[in-house]
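Visitor: A predicted structure for the sequence below; I have some questions about it.
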Amino acid sequence: RNLFRERGFGEVMKNTALLIYAGIMLISCYREAAQAQQPKPQKIIIQYPATASIGGVLPWIAKEKGFFSKNMLDAELVFTTASTAMQALIAGSIDIAIGDVLAPLSAFAGGADVVVVGSFANSTPYIMAARPTVRRVGDLKGGKIGIQSPTGRGTIFTRFVLEEAGLDADRDVQLLRVGGTGARVAALISGHIDGALVNPGVADQVKKAGLNALNLRGVSFIDAELHVMRRRLEERKS
């Protein structure tokens, strides 16, 4: 009360406001200094092939769950086709390309220093759909196997699965070009082929049609690889 009388109410309020303002500025300075000391998240661009694939689903789960941000990564997920992903990686437009084992082969042939740093899966992304009498892959000897095309991941894996079962894909079976998963299932139901690799998503359809769906989980196979350029990998390490 005496202070108000000696200096006046207005002056006291003015000085109080100045003290509050000074306190706010001091807190702001401490906050900015603390933020300046914290490392900024590293920007990283990750290409994914398709949301319907394991390589497309898992990066989005990681982003939505905050796994990237918790590890100080500012991840941008971009979709490109498999045919352009490797070109974008070599050009430096993306940091990581997610693809299958065939994706970097042409890059290797062209001298590009692409390296594989990991994969999302180490087992097959397929099941073997087959006629009812086929209980194991080896039972397909002498039969007709449907494939999508003469080359490609599915055909390579078909050969691999047959070899794992002790069959020679060129002598013991006949590989027939049928088309995609839907076409292969239709060919099985109609009896035109005896077996074919198909997406696990159609397993119920296969079983309802009276066909067998052979689990191939015991067959090792690298799927959804992470491809990077060696120079970018070295830059990230430094």
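Guide: Done, it's in.

Visitor: which residues does K65 contact?
Guide: For K65, the contact set (CB atoms under 8 Å, 6 or more residues apart in numbering) is empty. Backbone N, C-alpha and C define where each C-beta goes, glycine included.

Visitor: With H192 instead?
Guide: H192 neighbours (CB under 8 Å, 6+ apart): K144, G146, L176, V178.

Visitor: Run a quick neighbour tally on A97.
Guide: Counted with other CB atoms under 10 Å, the neighbours of A97 add up to 30.

Visitor: whoops, I mixed them up, G143
Guide: Neighbour tally, G143, other CB under 10 Å: 17.

Visitor: Equivalent analysis for K40, please.
Guide: A count of neighbours around K40, defined by other CB under 10 Å, yields 9.

Visitor: Can you tell me the element the residue most central in space within the chain falls in?
Guide: Taking CA atoms, centre = their mean, the centroid of the chain lies closest to G55, which sits 2.1 Å from it. According to DSSP states H and E, G55 maps onto helix 54-64.

Visitor: For that helix, give the mean pLDDT please.
Guide: Helix 54-64 shows a mean pLDDT of 84.

Visitor: Can you mark which positions in that helix are buried?
Guide: In terms of neighbour count (16 or more other CB atoms under 10 Å), helix 54-64 has its buried residues at I54, G55, G56, L58, P59, A62, K63.

Visitor: Kindly reformat these as TSV containing distance to E164.
Guide: Shown next, in TSV, are the buried residues of helix 54-64 (distance: CB to CB, whole Å):
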residue	distance to E164
I54	21
G55	23
G56	27
L58	26
P59	30
A62	32
K63	36
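
Visitor: before we move on, the earlier item: next one: the closest residue to the residue nearest to the centre of the chain other than its chain neighbours, what pLDDT does it get?
Guide: Spatial nearest neighbour of G55, chain neighbours left out: A224 (3.6 Å); criterion: CB to CB, 6 or more residues apart in numbering. On pLDDT, A224 comes in at 77.

Visitor: residues making contact with the helix or strand hosting A224?
Guide: Secondary structure here is read from DSSP H and E; on that basis A224 sits in strand 220-229. Identification of contacts with strand 220-229 by CB under 8 Å, 6+ apart yields 53-55, 58, 86, 89-90, 92, 95-101, 103-104, 112-125, 157, 160.
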